[in-house]
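Asks: No letters, just coordinates:
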């Protein structure tokens, strides 16, 4: 869809990738965007916010996956 936005709509495309701790998956995303001619590629490290805003509350809520598996 990025290339379509550029060619059909003449849009200036900005990509955003949130680093949640996935490691090696970030650079391929950057390279793919570069290959498509994206000029504004943003990758933000949001690991700390992700843990404090989502992971810790999940632990405190005693979250359960598929009704069986404790996530905390």
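Replies: Sure thing, it's come through. All of these numbers come straight from a predicted model, not from anything done at the bench.
Asks: give the contact list for the nearest residue in space to residue 20 that is not next to it in sequence.
Replies: Using CB to CB, 6 or more residues apart in numbering and skipping the chain neighbours, the partner closest in space to residue 20 is residue 50 (5.1 Å). C-beta here means a position set from N, CA and C on the backbone, and glycine is covered the same way. Residue 50 sits next to 18, 20-21 when contact means CB atoms under 8 Å, 6 or more residues apart in numbering.
Asks: what do you get for residue 21?
Replies: 47, 50.
Asks: what mean pLDDT does the one helix or strand residue 15 maps to have?
Replies: Counting by DSSP states H and E, the element that carries residue 15 is strand 14-19. Taken as a whole, strand 14-19 has a mean pLDDT of 96.
Asks: Show me what the spatially most central residue of the chain bridges to in the sheet.
Replies: Closest residue to the average C-alpha location of the chain: residue 18 at 3.5 Å, with CA atoms, centre = their mean. Judged by DSSP bridges, the bridge partners of residue 18 are residue 44.
Asks: Tell me how many other residues crowd the nearest residue to residue 34 once chain neighbours are set aside.
Replies: Excluding the flanking residues, the one nearest residue 34 by CB to CB, 6+ apart is residue 41, at 6.8 Å. Using other CB atoms under 10 Å, the number of residues around residue 41 comes to 17.
Asks: Just to be sure, residue 41 is in a helix?
Replies: No - Residue 41: not assigned to a helix; according to DSSP: H, G, I helix; E, B strand; the rest coil it is strand.
Asks: about what we covered before: would you agree the residue nearest to the centre of the chain is in contact with residue 46?
Replies: Yes - at 4.9 Å, residue 18 counts as touching residue 46 under the criterion of CB atoms under 8 Å.
Asks: For residue 37, which non-adjacent residue is spatially closest?
Replies: residue 6 (6.9 Å).
Asks: For the one you found, give its distance to residue 26.
Replies: Distance of residue 6 to residue 26, given as CB to CB, to the nearest Å: 22 Å.
Asks: Ok, residue 4 next?
Replies: Distance, residue 4 to residue 26, using CB to CB: 24 Å.
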